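Asks: sequence and predicted structure below; questions after.
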Amino acid sequence: MSSERTLYDARMDDALPHELILSIQRVLDIQADPSSDPLDDLSDDFNPVRILNGIFPNEESLGQLEAVQTRLSQNERDLHEEVMSLQAELRKEQDPRRMHLIQEMISDLLGQMSRIREKATESEAVVRNITKEIQMLDMAKKNLILSMSTLKRLQMLVNALGQLEDHVSENKYQDIAQTLAAVKQISNSFRPYNAVQRISQIWRRVQEIQSELRTKIDADWDKFYAQDPTKPIKPSTMAAACQVVDVLGPEIRSQFIDRYVALELKEYRRIFKATDEAGQLDNVTTRFNWFRRSLQTHETETGRVFPGDWQVGWHLTAKFVEITRDDLTVLLSKAGSNLTIKQLLDTLQEILDFESSIVKKYATPLPDILKATQAANATRQNRTISSAFEPHMGVFISAQDKALQGMLSQYRGAKSRSSLEAATPRTSQDGEQPHAAVLPSSTELFYFYAQTLEQCAKLFIGQPLYDLCQLHKKWLRIYAEEVLVASMKRPALPLRRSVESRADTNELRNASILINTADYCHATALELEEKIREKIHEDFKDRVSFQEECDLFVSAISSAILVLLKELESACDPAFAVMSRTVWGSNDIVSGPSPYVDEIVKGVEQVRDVIKPLIEQKKYVRNYLDKAASFVITKFTHAIVKSRPVKEIGAEQLLLDLQVLKACLLKLPGEAEPSQSYTRSVNNQTQRLEKLLKVIVTPANPADVFILSYTAMIGDLSFSNFQKVLDLKGTPKAQQNDLQDTFLAVTSTKPELESTSFLSMLDMDPGQSSSFSSPGSSRVNLLTGAGGDGILSALGSPPASTTPTQADAAGRSDPLSKFTDLRRFVSFAVRRDTVM
């Protein structure tokens, strides 16, 4: 059995190519279907064992073995006979004598084909000779028919030309129009025969008659137009003459219309010269009244003779527009700086009214009328009368500039503070907070913007509207810098006593209304940009942008939030001063929260209670709360550093005070407006301070326990950070050396510790000056801030609610640097909220 399997495998290795198998099956006509004999299968997957299993599926089928052998033997004999038959047929087909005979038959066939081709060529030549004379006769027939037709048309042309001469001599324009059209149509067919003398004479005569007709029609038109009573010309005669002009061609018709228009407007040119009184800008209405009367006369009298498709009224209007625009262009140029805004707008309004009446009369836009009546060879494009005023719209822009200057003069510069205080709502008699509002000057400004935008858009939507947009941008910048930001500059006041721990509520209200106003200006400026984009011409759309001005308003919001934080600092500073002067080493027990914590909580809640109902956009309240929490925690940290040494009992007291302060900060947003990001930020910042205080609480002896507490809480191996803890703890110098040696020994065995931690940011010498700069001292910038000690330099990192941007990404190039200025910190978060 194994030898059979080996033989089968060897055969499988010698399998025939698939292409050869397909060819054999095609020659033997073997169909691959279920009814075919499985022994006829020539594919590579032929398996005799599978076939035998099919023939003998069970032991009972072995009884048919002899029948199967007989059938296989019969199949073998049939195949052998078929092979022998095919071999015999192949030998017969390959007989050399038979192949030679076939080649001879092919040669004979090619010879017969050549003889047939020769006979066909000879037959073609014979037929060509036979039909040659017939072709000549056909050509002669065609020429004869063409000659007869040409002579007949020539006779018709001569007759029509004679009739035309008779009609011209009798001035029968109705007949002339019909006859001349026929003459021109027939004569056009004789253009190829102009070399023939007779035809050339007829062609010249036709041209002479057309010239004669032009002269006669011009003369008759002059008589008709002059209404000469001695030689009256009937309107019907001139109407027929216009039909003749139509036949003469479009060029003649255009010249005829231009001549009529020039006659109609000749008197207008004489009366309304730019150098005369009647032609001045003040008399533009007189021009239009004169033209309306002239146009009415044209339609009721003279113009009735013209065909309707000539649109003579359009041509008359277009020429009047051209003359008037040229005159007004000269007058406006002469006026120069003497042109007043009232004169400009009044004259322009009268012109627009006239142009609207023309559009209404013809139910067609005036530019389309001008385009339809413009000559093909015109050197300049026809434009409306009002277009002459577009280059002089600078007078309008200058007038709006002066109006804005007068409008905002009472709010700018030194007057900005008093106007802000006058507009800020105060507490009512019943003690309730008034409803928050915006500065009336901002609504006045944008109402004026809306009016001037609509007015200018009705006049022009090109360069003048773009110039007005630039003017709007200019005064938005002035309003942001000289009204909003300038109003935050506080007048010189006596310094507060250190015991005063209340914020200035008026200052808080001022800052709140400034935030509302700047936010209103920011949103409305964006709407203004969209409005201008909708109205302005396509060529200027991409140049309209108020982004820089919107950034200024965001910067003003940042400055106002700085004012709020400044007041918070004023409210909390006395309590922090008390805290920084506390001698923690003298504490023996922890009896409860310290008195200064209550003062801090009161100050924080006071500012929150004043501004929260006043600021309309709650995102700015959230922004302030983020900064206020960071400020309070940082000031708390500074006070701890200033009051060192803290000692263990003092650290426990500070932990308790920190918990009270943390609870206050977490309740600041209120239950109705919870903020996960704010809560996470407060927790992160207080947890760091808690870790520091817990390390300080841990006794220095034994040293190993103290250092393990440090590594567990702080999590770094920084020697300088460990030294900060020792300084805060008030560890004696003699004991510090042993602790430092132990610290180095322990941390050397802990490679998982980081090289830095939040203590790396702890400033051991915090400055005594205010953490905030004056918001009005300089222009606020959204992206960068002035250098200086930042309130976050102690422990903090930016609140979790603020997402990184390019502005703070640059600030993190140094791993130890954060937001180094509160102004920059506030601007960053306000920008983030505005984008969101």
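Replies: Good, I have the coordinates.
Asks: backbone dihedrals for residue 754, please?
Replies: Residue 754 adopts backbone torsions of phi -80, psi 160, taken as degrees, to the nearest 10.
Asks: residue 715 is in contact with that one, correct?
Replies: Yes. Applying Cβ atoms under 8 Å, one finds residue 754 in contact with residue 715, separated by 6.1 Å. Backbone N, C-alpha and C define where each C-beta goes, glycine included.
Asks: which one's more surrounded, those two?
Replies: Ranked by neighbour count (other Cβ atoms under 10 Å), residue 754 and residue 715 place residue 715 first, with 16 against 11.
Asks: helix or strand with the lowest mean pLDDT in the protein?
Replies: Ranked by mean pLDDT, DSSP states H and E, the weakest helix or strand in the chain is helix 806-811, scoring a mean of 35.
Asks: just the helices in the stretch 151-300 of the chain please.
Replies: 173-188, 197-226, 235-248, 250-264, 266-271, 284-300 (DSSP state H, counting those that start in this stretch).
Asks: contacting residues for residue 575?
Replies: With contact taken as Cβ atoms under 8 Å, 6 or more residues apart in numbering, residue 575 is in contact with 501, 596, 597, 599, 600, 603.
Asks: can I get the residues you listed in CSV including distance to residue 577, secondary structure and pLDDT?
Replies: Converted to CSV, the contacts of residue 575 look like this (distance: Cβ to Cβ, whole Å; DSSP: H, G, I helix; E, B strand; the rest coil; pLDDT from 0 to 100):
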residue, distance to residue 577, secondary structure, pLDDT
501, 10, coil, 51
596, 9, helix, 90
597, 14, helix, 91
599, 10, helix, 92
600, 11, helix, 91
603, 12, helix, 91
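Asks: quick one: low-confidence ranges for the stretch 651-800 of the chain?
Replies: The model of the stretch 651-800 of the chain has pLDDT under 70 over residues 672-674, 767-800.
Asks: neighbours of residue 314, how many?
Replies: Neighbour count for residue 314, taken as other Cβ under 10 Å: 18.
Asks: where does it fall, secondary structure wise?
Replies: helix 312-335 (DSSP states H and E).
Asks: got the angle between that helix and helix 250-264?
Replies: Going by axes from the mean of the first three to the mean of the last three Cα atoms, to 10 degrees, helix 312-335 is angled at 60 degrees with respect to helix 250-264.
Asks: just checking, what packs against helix 312-335?
Replies: With contacts taken as 3 or more Cβ pairs under 8 Å, 6 or more residues apart in numbering; DSSP states H and E, helix 312-335 sits against helix 250-264, helix 266-271, helix 284-300, helix 341-362, helix 366-372.
Asks: how about the longest one, which residues are buried there?
Replies: Right, the one you point to is helix 341-362. For helix 341-362, burial by neighbour count (16 or more other Cβ atoms under 10 Å) applies to 344, 345, 347, 348, 350, 351, 352, 354, 355, 358.
Asks: and the residues you listed as TSV, adding distance to residue 475?
Replies: Output for these, formatted as TSV (distance: Cβ to Cβ, whole Å):
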residue	distance to residue 475
344	21
345	21
347	27
348	24
350	30
351	29
352	27
354	34
355	32
358	37
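Asks: before we move on, back to that, how about the contacts of residue 575 in CSV, adding neighbour count and distance to residue 628?
Replies: Output for those, formatted as CSV (neighbours: other Cβ atoms under 10 Å; distance: Cβ to Cβ, whole Å):
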residue, neighbour count, distance to residue 628
501, 22, 16
596, 21, 17
597, 21, 16
599, 18, 16
600, 28, 11
603, 24, 10
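Asks: any idea which of these is closest to residue 481?
Replies: Proximity of the contacts of residue 575 to residue 481 was ranked by Cβ to Cβ; the top entry is residue 603 with 31.3 Å.
Asks: check contacts around that closest one.
Replies: Shown in contact with residue 603 (Cβ under 8 Å, 6+ apart): 501, 502, 503, 568, 571, 572, 575.
Asks: low-confidence bits of the chain, can you list those?
Replies: Flagging of the chain using pLDDT under 70 yields the residue ranges 1-16, 25, 27-46, 228-231, 414-419, 421-436, 490-501, 672-674, 767-836.
Asks: what's near enough to touch the residue sitting nearest the centre point of it?
Replies: The residue lying closest to the centre of the chain (Cα atoms, centre = their mean) is residue 542, at 8.5 Å. Residue 542 makes contact with no residue, according to Cβ under 8 Å, 6+ apart.
Asks: measure it to residue 631 for me?
Replies: 43 Å (Cβ to Cβ, to the nearest Å).
Asks: go on, residue 745?
Replies: Residue 745 is 40 Å from residue 631, by Cβ to Cβ.
Asks: what about those two, which has more around it?
Replies: Neighbours per residue (other Cβ under 10 Å) separate residue 745 from residue 631, with residue 631 holding more: 22 against 12.
Asks: buried set for the one helix or strand the more buried one maps to?
Replies: Using DSSP H and E, residue 631 falls within helix 618-642. For helix 618-642, a neighbour-count test (16+ other Cβ under 10 Å) marks 620-642 as buried.
Asks: list the helices and strands the next helix or strand along the chain from that helix packs on?
Replies: Using DSSP H and E, the helix or strand that directly follows helix 618-642 along the chain is helix 647-667. Applying 3+ Cβ pairs under 8 Å, 6+ apart, one finds that helix 647-667 contacts helix 595-611, helix 618-642, helix 676-697, helix 719-729.
Asks: to residue 412, which of those lies closest?
Replies: helix 618-642 (24.6 Å).
Asks: relative orientation of the closest one and helix 676-697 in degrees?
Replies: Going by the same axes, to 10 degrees, helix 618-642 makes 10 degrees with helix 676-697.
Asks: what is helix 618-642 packed up against?
Replies: Helix 618-642 packs on helix 547-580, helix 595-611, helix 647-667, helix 676-697, helix 822-835, going by 3+ Cβ pairs under 8 Å, 6+ apart.
Asks: list the buried ones in the third one?
Replies: Right, the one you point to is helix 647-667. Result for helix 647-667 [16+ other Cβ under 10 Å]: buried residues 647-658, 660-662, 664-665.
Asks: how about the first one?
Replies: Buried positions in helix 547-580, judged by neighbour count with 16+ other Cβ under 10 Å: 549-576, 578-580.
Asks: try stretch 149-156
Replies: Applying 16+ other Cβ under 10 Å to stretch 149-156 flags residue 154 as buried.
Asks: and the contacts of that stretch?
Replies: 186, 189, 190, 193, 198, 199, 202.
Asks: ranges for the helices of the stretch 1-150 of the chain?
Replies: In the stretch 1-150 of the chain, the helices defined using DSSP H, counting those that start in this stretch lie at 2-13, 18-28, 48-55, 65-93, 96-170.
Asks: how about JSON lines for the ones you listed, with distance to residue 513 added?
Replies: Formatted as JSON lines, those follow (distance: least, Cβ to Cβ, whole Å):
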{"stretch": "helix 2-13", "distance to residue 513": "96"}
{"stretch": "helix 18-28", "distance to residue 513": "90"}
{"stretch": "helix 48-55", "distance to residue 513": "97"}
{"stretch": "helix 65-93", "distance to residue 513": "111"}
{"stretch": "helix 96-170", "distance to residue 513": "91"}
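Asks: coming back round to it: among the helices of the stretch 151-300 of the chain, which is nearest residue 459?
Replies: Closest to residue 459 of the helices of the stretch 151-300 of the chain, according to Cβ to Cβ: helix 284-300, at 15.5 Å.
Asks: residue contacts, residue 590?
Replies: Residues counted as contacts of residue 590 (Cβ under 8 Å, 6+ apart) are 649, 652, 653, 656.
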